[in-house]
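Visitor: Task: produce atomic coordinates for the following.
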Amino acid sequence: MTELSFIHRFEPATEPNKPPLLLLHGTGGDENDLLGLGRTISPGSALLSPRGKILENGMPRFFRRLAEGVFDEADVKLRANELADFVAEARKAYGLEAPIAVGFSNGANIAAAMMLLRPEALSGAALLRAMVPLSETPQVDLAGKRVLMISGAMDPIIPADNAKRLAASLTEAGAEVQHHMLPTGHNLSQTDLQLLVKWFAEVKR
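Guide: Numbers count the residues shown, from 1 in each chain. You can find the predicted model right below:
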């Protein structure tokens, strides 16, 4: 594996017209967690899957939090920029276009922060169980970027209104946002998978 600034897995594309995916795991996951999901939702895409550098009780994450649902925002900003720099390194090393982020929970939150802080790093994002990463939304132009958000109406970690607020702020910044609120909790369901497959099938080649 090419030595870059994050421990990661990379699978090259087998279909040249498919967008590369940046796979971002949830708390306690690692660089192997979402590879199967990536292969399922966009077969043939190049897959870039880094491991979060922060450890919380031994569990990898992409940024620090002060409590559940309470983020260390200075660290969010630092880590979002660090991850965007890694994406730039990986694009150069592997010859990739700007990827679409596919993030779950903590991974979705860092992807949302990257969209707001370093929009050039991503061409779009699929945010699974994401919440507002920064209390003050930066001024950013997300015109032309597609975002899929899938939230759980019964998610014990993320209040529905918080998820709606994130969808609204991305829309206001110009992104083309699809937001689905499912009758489910924090874990992913079969419906999540179906929505992801459908959304990726519609991504412009």
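Visitor: Look up how far Asn17 lies from the most centrally placed residue in the chain.
Guide: Centroid-nearest residue in the chain, with CA atoms, centre = their mean: Gly103, separated by 3.1 Å. Per CB to CB, to the nearest Å, Gly103 is found 23 Å from Asn17. Heads up, the C-betas are built off the backbone N, CA and C, glycines and all.
Visitor: And Gly124, how far from Glu202?
Guide: Distance, Gly124 to Glu202, using CB to CB: 11 Å.
Visitor: Same check on Thr40?
Guide: 16 Å.
Visitor: quick one, which of the two is more surrounded?
Guide: More crowded of Thr40 and Glu202, by other CB atoms under 10 Å: Thr40, with 13 against 9.
Visitor: picking that back up, element containing the residue nearest to the centre of the chain, please.
Guide: Element membership for Gly103 (DSSP states H and E) is strand 100-104.
Visitor: Using PDB, list the CA coordinates for that strand.
Guide: Provided in PDB are the C-alpha atoms of strand 100-104 (Å, rounded to 0.1, in the frame of the first residue of the first chain):
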ATOM      1  CA  ILE A 100     -17.800  11.100  -3.400                       C
ATOM      2  CA  ALA A 101     -17.600  10.700   0.300                       C
ATOM      3  CA  VAL A 102     -19.700   7.800   1.800                       C
ATOM      4  CA  GLY A 103     -19.700   8.300   5.600                       C
ATOM      5  CA  PHE A 104     -21.500   6.600   8.400                       C
END
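Visitor: how far does that strand sit from the chain's center?
Guide: 3 Å (CA atoms, centre = their mean, to the nearest Å).
Visitor: buried set for the helix or strand just after it?
Guide: Next helix or strand after strand 100-104 toward the C-terminus (DSSP H and E): helix 106-117. By neighbour count on 16 or more other CB atoms under 10 Å, the buried set for helix 106-117 is Asn106, Gly107, Ala108, Asn109, Ile110, Ala111, Ala112, Ala113, Met114, Met115, Leu116, Leu117.
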